[in-house]
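> What follows is a predicted protein model with its sequence.
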Amino acid sequence: MTTLKKGFSILFVILLSTPVVFWLIVHARSNDDNTVRHGFPAPEAHLLLERDYYQAVDGWFNASLPLADALTCLNNWLNYHIFGKASTRSVHVGIHGWLYPGPHDTGPMEPSEASQAGQQLFLKLHALENMITATGRRFVVGLVPGKAEIYPEHMGTQVAFPTLPMVEALLDAQTHYPLNGFLALRPVLKKAKLNGTMVYTRRSRLWECAGAAVAADQLLTRQELTQTRTASLPAEICPPADDDLYRLLIGRENIPVRADTAGCTSGPHAVNGPTAILYGDDNSNRLLPHITHAFNAISLIHIREAPVLDRNVLNLQSDMFLLVVGEAHLDTLHINLESIYDVVGQRLQGVATRTIPLAQSLPRVQTALEYGSDGLRIRSGGVPAFFSLPAVDGSAADAFRMVRLTFSESHQDRVRVKTARQSAPAMEKTLGRDSRIVLVPLPFQKSVSLWINPGHHPGVFTLEKADLISFYGKQVPVAPTPATTPPDDIYSGIQIEPLEPSGPPAALAPIEAPPGHPVEALPELTLADLPPGRIIQRQGKSADVVVTGTYTGAAGPVEARVVQGMQETVIVPWTVVDDAPENGLFTGILKHVPQGGWYRLQIRSGIAPWVLEKGTNPWGVGMLIACIGQSNMREWFYTGKAHRPSPQVRLHRDGQWQIPDRSGNGALALGNRLATSLKIPVGLLDYAVNGSGLTAKADWGKGFWRDTGPESIYSRFIDGVLQAGGVVEYVVWMQGEADAAKGSVSREEYRAALEGLVDDQLRMDIHNGSGRSRLPFLMIPLVRRPTGRDLTCQWIRDAQMDVLTSIEECHLAGLSIDLENHGRQHLAPSAYTVLGDRTAGTILYLLDKAPYHRGPSVAAVTRVSDRIVDIGLAHRGGTDFTPWTQISGFEVLSGKTRLVIDTVTRTNGNTIRIRLTEPPPRHFSVRYLYGAHPDTTHAVHDNTSRRLPLEPFVQYLK
């Protein structure tokens, strides 16, 4: 036994030391530019016990061993064919070799929550159908049952996939309150299977040609269109059976499913047929060839490219809207009713709109209401606060109804709406600069009372208007005519005084009780203190602070003040924040609190000033900076421990304010420099996501930033911003590796996507706290990638530099291409320090606190002689540069052929001279720091204290 333990101990030591040995072997033959190209990941003491490091080691073996992929495929092949097992949870192996998609991960939702989500989606589909049909178009929705639903007999007895409560709830609601355009595909496809139709094949994930043809026949029959000819197509016309699940199981990359738009199965189009929009997942690609002959034109929009069904999808002209999605992925269907209503609202027919009297609204929990000419003024206590609208008619078989809530332009928070029934699902909507309305589809019940939480944060809000919208179809019921005075009423228009007083005689009026002892009426105040460490974004050099809490006893004005430090230095003197609190709640705004910290809040009663409560949580007014992107941005907060955090710096992640420790060279370099220079608190919002792409093409399973669905990484970021106050001063973006690695995202696609992210998302959903014309977007272009491809990396980097001029208020935060890599993907700890410092310099420059923030650029490229080319520099902050000799990173090309460079040296402080071994041709180009991993051994930097780098360039000469 002792020998066995010794053996395991020795084996464990060998396993731990293996990474170090491999690194030493590879490092002995590594590059001389202080980077690791395809080398073994450098071991460090703090990394040897982290899983990510060993995943990097595994990645090195896979990339270095020529047979690694083949061996993996062989292992997976043996598991399937011999043992009947799968090496991935994405595939389930049934009996007789049948493959099924693995259990669908619905995330953290409980079954009850999923059922409520299904009910909510059903009401949204009703609203969508009614809005579309009210514009004269037709609406069709088809839910494609999964393979396990049609072929459960091959699943095996040992594994039973859980039911999908979201789907079951929606289908149950459909049986009671049916959508007119709903296609019941479950019974149709099950019947087709019994008749011998192969709906799914053994190894397919998606329905096959014959199954899609059956659904197409059902669709066209229901819509009374030209009948499809594909229900009984000969086998040779259908595309071959797909084996995408088998490829996934073996480990081969799946080929994206594309619609078959050629051949008799997809046409010809009907000249006189309707036009249509087909929106859905991969199932819609399979359906398309079987219906095109019945339409004049079809626009196919994949849910992956447009994750949210909104105005951008419905904006296209069409006669019909087709929605096709698999049941198992119903949770990926997100409908933005407000955006769609913005497009179709002016064209609705057969719709009646009635104003809901806001004056009849009632405070329910921690709210106080005041109705005025501008609408309903709501003083809210935050998350638990609710008020209710007067009850209205719910949806019915002859009229679908929804409520439209219109808030003031300044309202920027997450609104939550629920019905009075406890079991009814609540809906949430984030209001931004471009979104003031909330549409609430009403459930099918006689009467509905809506309870509304106006925001997660305490504050004073205004609901300008509430309308009940009823969809009746083509005919709107005539409103009853108000009763009129009969013509024979001789007293019409004459005010008649009552003969007797309406109240009891004065002698019988109740006698008021004498006032009690003053102590009995003393108010008691409870302050809802600000979260500890919270930083409120400044507007100019101050901010307005919401003060809220509860009271008991006598009601009277509530005053507040702001103090600083243990000595309670008064920053803002006693000021009335609520002169008439109601319903046990006081809420008001303390205006113009100067920037600084750390502060504490105090409140007292205006009628009993000795009734005082002191807040204990420190908070401040300062600058908030949102940091988003992928892993290199995330490592700003986790890599390196070179800095001690300033007392004025705070982090915000996962919805919480945190005091930073020493982790994160980049974040602390940025925050410390700004806090020291500006002498204000600085909050850094940490919401980057490892492996995240910008575009749908670059989704590696971690999410992508153009996705605005409720569970997307972008929505989680916006939730974080809202929890931090909804306002930031700057957004810093460091991303691009995921898109470059895919190799399919062009320069134009990335630029357009980034422009959309900034202008259509960030600047619409986040309030601008900078005081500049637009919310500043600070760009850090793509880092060097030791294992990347030159062309695709350059596409991304060029697109990022393009947006510096195409997007207003987009600025270069700092270059990263000259900085040292640490392994295969990320920068070295010291490099993050440099990037944080450069980004701080950019912000100080924008605040007129620094004279420059960028290094030199190339002003001219001149051919001096047959073998000499001079590079003229334009300095921004420096007067000279280094190094003077052996400058690296330059390339001279004839077409795609690199010419041999003899020397690259300094001529003077503004000129770099390139000497070639042979004369270049008449047409040639010069470039600097090009591609995935350019040589930066002796890169050019200016002579300022920040040593800012020469910016990359490409110049063509004749």
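Cool, the structure landed. Quick caveat, the model's predicted, so the values are computed rather than measured.

> can we go C-alpha only for contacts and neighbour counts from here?
Noted.

> residues contacting residue 616?
By Cα atoms under 8 Å, 6 or more residues apart in numbering, residue 616 lies in contact with 529, 600-601.

> Would it be right to say that it lies in a helix?
No: using DSSP: H, G, I helix; E, B strand; the rest coil, the assignment for residue 616 is coil, not a helix.

> Now it: phi and psi?
Per-residue torsions, residue 616: phi -110, psi -20 (degrees, to the nearest 10).

> Report the mean per-residue pLDDT for stretch 677-688.
Stretch 677-688 shows a mean pLDDT of 98.

> er, stretch 923-930 actually
On average, stretch 923-930 scores 96.

> circling back: can I get the contacts of residue 616 in a markdown table with secondary structure?
Shown next, in a markdown table, are the contacts of residue 616 (three-state DSSP):
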| residue | secondary structure |
| --- | --- |
| 529 | coil |
| 600 | strand |
| 601 | strand |
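
> Could you tell me which of those count as buried?
529, 600-601 (16 or more other Cα atoms under 10 Å).

> Need these in JSON lines (columns: pLDDT and distance to residue 678).
Converted to JSON lines, the buried ones among the contacts of residue 616 look like this (pLDDT from 0 to 100; distance: Cα to Cα, whole Å):
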{"residue": "529", "pLDDT": "95", "distance to residue 678": "26"}
{"residue": "600", "pLDDT": "97", "distance to residue 678": "21"}
{"residue": "601", "pLDDT": "97", "distance to residue 678": "23"}
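
> Of these, which is the nearest to residue 934?
Residue 934 has its nearest neighbour among the buried ones among the contacts of residue 616 in residue 600, at 51.9 Å by Cα to Cα.

> Quick one: residues contacting the closest one.
562-565, 614-619.

> Please list all residues in contact with residue 751.
Residue 751 makes contacts with 799-800, 802-803, as judged by Cα under 8 Å, 6+ apart.

> Buried members of those into ChimeraX, please.
Only the buried entries of the contacts of residue 751 go into this ChimeraX selection, using 16+ other Cα under 10 Å:
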select :799,800,803
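
> Give me the below-cutoff pLDDT ranges for the protein.
Low-confidence segments of the chain (pLDDT under 70): 1-69, 104-109, 157-163, 226-241, 252-271, 421-425, 433-434, 474-521, 823-824.

> Who's the closest spatial neighbour of the residue nearest to the spatial centre of it, skipping the chain neighbours?
Closest residue to the average C-alpha location of the chain: residue 714 at 1.1 Å, with Cα atoms, centre = their mean. In space, residue 714 comes closest to residue 705 once its chain neighbours are excluded; the distance is 5.4 Å by Cα to Cα, 6 or more residues apart in numbering.

> Might one say that the one you found is in contact with residue 695?
Yes: if you go by Cα atoms under 8 Å, residue 705 and residue 695 touch, sitting 6.8 Å apart.

> could you dump the contacts of residue 600 to a markdown table with distance to residue 149?
What follows is the contacts of residue 600, written out as a markdown table (distance: Cα to Cα, whole Å):
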| residue | distance to residue 149 |
| --- | --- |
| 562 | 63 |
| 563 | 65 |
| 564 | 65 |
| 565 | 65 |
| 614 | 61 |
| 615 | 58 |
| 616 | 58 |
| 617 | 55 |
| 618 | 56 |
| 619 | 55 |
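
> Between the residues you listed, which sits nearest residue 386?
residue 615 (24.7 Å).

> Number of residues surrounding that closest one?
Residue 615 has 17 neighbours, counted by other Cα atoms under 10 Å.

> That one reaches residue 529, doesn't it?
Yes: if you go by Cα under 8 Å, residue 615 and residue 529 touch, sitting 5.8 Å apart.

> Spell out which residues are contacts of both of these two.
residue 601.

> for the longest strand seen in the chain, packing partners?
Longest strand in the chain, counting residues (DSSP state E): strand 459-471. Secondary-structure packing of strand 459-471 (3 or more Cα pairs under 8 Å, 6 or more residues apart in numbering; DSSP states H and E): strand 351-355, strand 375-380, strand 400-407, strand 542-552, strand 585-594.

> if you set the cut-off to 7 Å instead, what comes out?
strand 351-355, strand 375-380, strand 400-407, strand 585-594 (3 or more Cα pairs under 7 Å, 6 or more residues apart in numbering; DSSP states H and E).

> quick one on the thing from earlier: is the residue nearest to the centre of the chain in a helix, a strand, or coil?
Residue 714 is classified as helix under three-state DSSP.

> mind checking how far it is from residue 804?
Counting by Cα to Cα, to the nearest Å, the gap from residue 714 to residue 804 is 22 Å.

> show me the residues around the nearest residue to residue 472 once chain neighbours are set aside that make contact.
Closest residue to residue 472 apart from its sequence neighbours, by Cα to Cα, 6+ apart: residue 399 at 4.8 Å. Listed by Cα atoms under 7 Å, 6 or more residues apart in numbering, the contact set of residue 399 reads 470-472.

> What separation is there between residue 399 and residue 393?
Counting by Cα to Cα, the gap from residue 399 to residue 393 is 10 Å.

> And for residue 884?
81 Å.

> Compare neighbour counts for the two and give me the winner.
For the pair residue 884 and residue 393, the greater number of neighbours falls to residue 393 (19 against 16), based on other Cα under 10 Å.

> Next, the more buried one: phi, psi?
Dihedral pair for residue 393: phi -70, psi 140, per degrees, to the nearest 10.

> Is it in contact with residue 448, as I believe?
Yes: between residue 393 and residue 448 there is a contact under Cα atoms under 7 Å: 6.1 Å.

> if we can go back for a sec, please determine how far the residue nearest to the centre of the chain is located from residue 167.
Taken as Cα to Cα, the span from residue 714 to residue 167 is 25 Å.

> And residue 720, by the same measure?
30 Å.

> So which of the two has more stuff around it?
Per other Cα under 10 Å, whichever of residue 720 and residue 167 has more neighbours is residue 167, with 24 against 21.

> which SS class is the more buried one?
Following three-state DSSP, we place residue 167 in the helix state.

> Tally up the residues packed near residue 757, please.
Counted with other Cα under 10 Å, residues neighbouring residue 757 total 20.

> And for the closest residue to it other than its chain neighbours, the neighbour number?
Distances taken as Cα to Cα, 6+ apart put residue 706 closest to residue 757, at 6.2 Å, once the chain neighbours are dropped. Per other Cα under 10 Å, the neighbour tally for residue 706 reads 24.

> do residue 609 as well
Residue 609 has 11 nearby residues by other Cα under 10 Å.

> Please apply the same query to residue 318.
16.
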